[in-house]
Every structure is written in C-alpha cells, then in structure tokens.
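Engineer: predicted model and sequence follow; I will ask about them next.
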Amino acid sequence: MTETPHLNQKFEQLEKAKQIPQNSVPKIQRVAHYLRDRKHFAKHYSPRLVSIGPIHHGAKNLQLGEKYKLMWAAKYLKRKKQDARALYETIASNIKRLKELFAEDVIEAFPDDEKLSWMLLVDGCALLQILEKGKLDYPEEMNVKVDQLVLLWQDVLLLENQIPYEVLKLLSGPKNDANLLNSMKEFLRCHHLSPDKPKQGAGKQDTAKEKTKDEDSKSTEGHNLQGESTAEITLEEDTPQGEQSEHRVEIIQEPIHLLDQLRRSVLKEPQKRHLDDQNTSEKFDIITYRNIQELRTVGIKLMTNKSHILTDISFSYHWLHLCAELKLPQITVDDTIAPTFLNLIAYEMCPDFKNNFEICSFVAFMDSLIDHPDDVKELRSSGVLLNVLGSDEEVAKLFNTISTDLVPDTEIYSHVRGQIEKHYRNKCRTWLTLGYHTYFSNPWAIIAFHAAVLAIVLTFIQAWFAIHPARDG
C-alpha cells in the first residue's frame, strides 16, 4: 500500500489524539448543540440584556448592555480606587494562561490578545460591580430600572455568559479571595434556589456596612490557573481571657465561575450514596408507582425539608410505622426556574466537567413524581412548591419538559425510590398508613372518627336497652 502525504498527516493526527491531556477544570464553553436545538429551549441559554465573556460579545441585541458594562466597570474602579491601566497589564501579562480556561471555538473571534484582554477587563470589573451592588431592592446603585436588573440577574447565571473565577481574582486584587467569594455568596443568597435566604429586615444599613467590608477582612491566597483553586482563610477562634488564641486555617475550594457557585450552594455537600440504606433495603429493578397521586393513595404524606438543599430528599416512618413521610426541599417556581435548571443541567452535561449529575437527577426525580396538575396541587398544599408561575398545569408541563433527554445518576435517589417502592408493595403497611392519614391526619378527621365511634357505642347501648328493658324493683 502506497501512503500519500495526506494519509501520513492523518496518521500523525491519530497518534497525537491520544496525547491530549484531560482538563483539570471545565472550560468556558457553549451549550451542547443537542441541548440548545431542543424546541422552545434555545431562548433560555442566551442573554437578553448583557453579555459576560466572549461567547455573546458584540451581539446586536446587546448593544445597550455594552454601554452599561462600561459604566459599571468605571464605577467599580472608582469605588475600589483601582487603576485601570494597572489591572489591564495584570490581565495582559496572564492572558496566555487565561486563554486556556476557554474552549478554542469560544475565543476564536479574539485572535488579538489585546482585544481579549480588554474584554476581560471590562466584563470582569462590571461583574464585580454587579456582585457587590446589583441588589434588586436598590436598583439605583446600578443606575438601571428594576426590570433591567431582573434581566441582568438572569443573564449572569447563564452557562454561555460566564467568566472564569481566576479573572475575577486578578481584578479584585491580591489577598482578597475571601471578600470575592463572600460577594458571590451574598449575591446568590437572594436567588430562589438558595438554601441561605437573606435575613429579614436587612436593608440599607447592610448596604452601608459593605463599604468597609473590604478593609475588615484579611486572607491569604493560593491558586493555580491550570488547576482547581483553593483559598486559605485564617480565622481567629474565641478563647477565654488569659489563654493563648489559636488560629484555624480553612481550605476552601473555589468555584469555577458564578454558575458553578450557584450549583455548589444548592447542593452544599457532595451527595452521599447512603450505602447503609442501600445494603439494608431491597432493590427493585422496576418501579411501579407513577406519581404523587398514587403515593397519596397508599398513605404517603409529603413534607417540606427545612434544609432547602436539592439533594436532601428522604423517606421515613413515624408513630410505629403508621405515618409514612416523603420529605422534599422547598422550591419557588417562577419565570426564572426554567433557565436556571436548564443552564445548571447544561453545565453538568459539559464533556469536561466530572460530576455525579446531581441537578439532572433531582429534576428527573421530580418529573417522576409529577404527571398531572393534581400532583402539583398536592406539592403546593404540602408547601413543597411555591407556585408563582401560573396554573398547576403549567408547572406540571414545565417539569415534564425540562427533564427531556436527561441522563441522571440512578444511584443518587435509589435508596429513597427503594423505600417508597417497598412501602407501595406492602399492602398491610399501606392499609395501616392509609387509615392513619384518613382518620388521624388532622383535628377534624380525629373528631369525626371519635364521633362515629361514639355514635356506634350509643346505638349499641340503645339497642341493648330496647332488647333488654330495665325492670322495676
């Protein structure tokens, strides 16, 4: 066989392909085409007001956002007393390593490093201003109307609108990791999925305190542009007077970007496999229950989990196994629920992001419980779903739609599914729990039950005396 130069080149490409190293962290990239191409879904992946990063930079429908970003970047630089030229030089001197945090097709429109460095400077400073001052209660801090601020909140949490955390670290200054991470957490605390809700009564006093927050916090940093970033934060522990104080160094794993931080906050700790539950409970290859209505018919009661963490789902018994409860985290369903879940799902399905598909698994689990509007009604009645989207039918359709084409990790909730299935198939236990919920689930049911028992007793006594009348003397 005669090998041509073209064929030799192909063999060389094949040989080099096996030497391509795996990414240590997921890169900034586009939503996979098989997700974006789904009907009615594409709009949830694109920004409507502001582009952050290179993917949607320069889009015609986002020109107003370009003006806003310049204004916000200027406000940030003035507020922090930072020199724009010095920060630009910092980005430019690290641009070679920063480019490795983006997929190649994402920055191919930026062949000039100067253009890319300028975009990262403006977008990064604008995002830092958004994180610290983009509060819905005070839109005047950003010089925009509240409706635009709502759009901005949605835009900065899109997968294709992310900027690496490493860029934000360079722009926020040395020894400022703790403040940067705290500003991201505070920003996300107002998100409807956040388990850490803002304290009631927080107002302009809290906003004023933020002005001195940067000077009060101190930290030491350690990072690697090529790998997973960490921050060493020194905390001074309270000790009795006269005793030497100790310092505790806490290693904090830093996020990849803002969307990654949102995912971490709603999951909190990595999902454990509940090996004890899996080993002690039966495993079922086929799940026979279909939705919440069927679970209700066998006496399973829905409860709200106080933690609000998506992976915190449990099934348990109370009152001598007479009361079966399925605990679910509370979720607010509004106009932002679809883009939030879809972008979190798209992030988990990025080919270079190693994870256990916790968000995909949660959405698939909720979809398995919701088939009809009546299922949504039960979730509302139990306080699990706070529906501000519209009708129950819309919510049911939403979960059935966003769960399309998901590949969840079946092991994450297998212990819960197994316990529910075991209860569902146990007819004796089903009758007991159903009787408990029918006659003892609320005060009126208990009163009605006792009234019925009393009526039966009185009827029996009346019949007894009718058959055996009392005799005088």
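Structural biologist: Structure's in. What do you need?
Engineer: residue 373 and residue 390, how far apart?
Structural biologist: To residue 390, residue 373 is 11 Å away according to Cβ to Cβ, to the nearest Å. Heads up, the C-betas are built off the backbone N, CA and C, glycines and all.
Engineer: sorry, slip of the keys, the one I care about is residue 380.
Structural biologist: Look at residue 380 and residue 390: by Cβ to Cβ, they are 12 Å apart.
Engineer: more crowded one of residue 373 and residue 390?
Structural biologist: Neighbours per residue (other Cβ atoms under 10 Å) separate residue 373 from residue 390, with residue 373 holding more: 15 against 12.
Engineer: does residue 386 count as helix, strand or coil?
Structural biologist: Under DSSP: H, G, I helix; E, B strand; the rest coil, residue 386 falls in the strand class.
Engineer: what's the closest non-adjacent residue to it?
Structural biologist: Using Cβ to Cβ, 6 or more residues apart in numbering and skipping the chain neighbours, the partner closest in space to residue 386 is residue 332 (4.5 Å).
Engineer: give the contact list for the closest residue to residue 146 other than its chain neighbours.
Structural biologist: Nearest non-adjacent residue to residue 146, counting by Cβ to Cβ, 6+ apart: residue 139, 4.6 Å away. Going by Cβ atoms under 8 Å, 6 or more residues apart in numbering, residue 139 touches 145-146, 148-149.
Engineer: per-residue pLDDT, residue 129?
Structural biologist: Per-residue pLDDT puts residue 129 at 97.
Engineer: did I read that right, it in a helix?
Structural biologist: Yes - residue assignment for residue 129, taken from three-state DSSP, places it within a helix.
Engineer: wait, isn't it in contact with residue 72?
Structural biologist: Yes - using Cβ atoms under 8 Å as the test, residue 129 is close enough to residue 72 to be in contact (4.2 Å).
Engineer: so for those two, which sits in the more crowded spot?
Structural biologist: Set side by side, residue 129 and residue 72 show more neighbours around residue 72, with 26 against 22, by other Cβ under 10 Å.
Engineer: where does that one sit: helix, strand or coil?
Structural biologist: helix.
Engineer: check contacts around it.
Structural biologist: Under the criterion of Cβ under 8 Å, 6+ apart, the contact partners of residue 72 comprise 125-126, 129-130, 142.
Engineer: swap in 7 Å and give it another go.
Structural biologist: With contact taken as Cβ atoms under 7 Å, 6 or more residues apart in numbering, residue 72 is in contact with 126, 129-130, 142.
Engineer: ditto for residue 342
Structural biologist: When contacts are counted by Cβ under 7 Å, 6+ apart, residue 342 is found next to 41, 44, 402.
Engineer: hey, where'd the strands end up in this structure?
Structural biologist: According to DSSP state E, the chain carries its strands in the segments 220-222, 230-236, 247-253, 300-305, 314-318, 323-329, 331-333, 385-387.
Engineer: tell me the buried residues in the fourth one?
Structural biologist: Of the residues in strand 300-305, those with enough neighbours to count as buried (16 or more other Cβ atoms under 10 Å) are 300-302, 304-305.
Engineer: per-residue pLDDT, the residue nearest to residue 146?
Structural biologist: Per the predicted model, pLDDT is 86 at residue 139.
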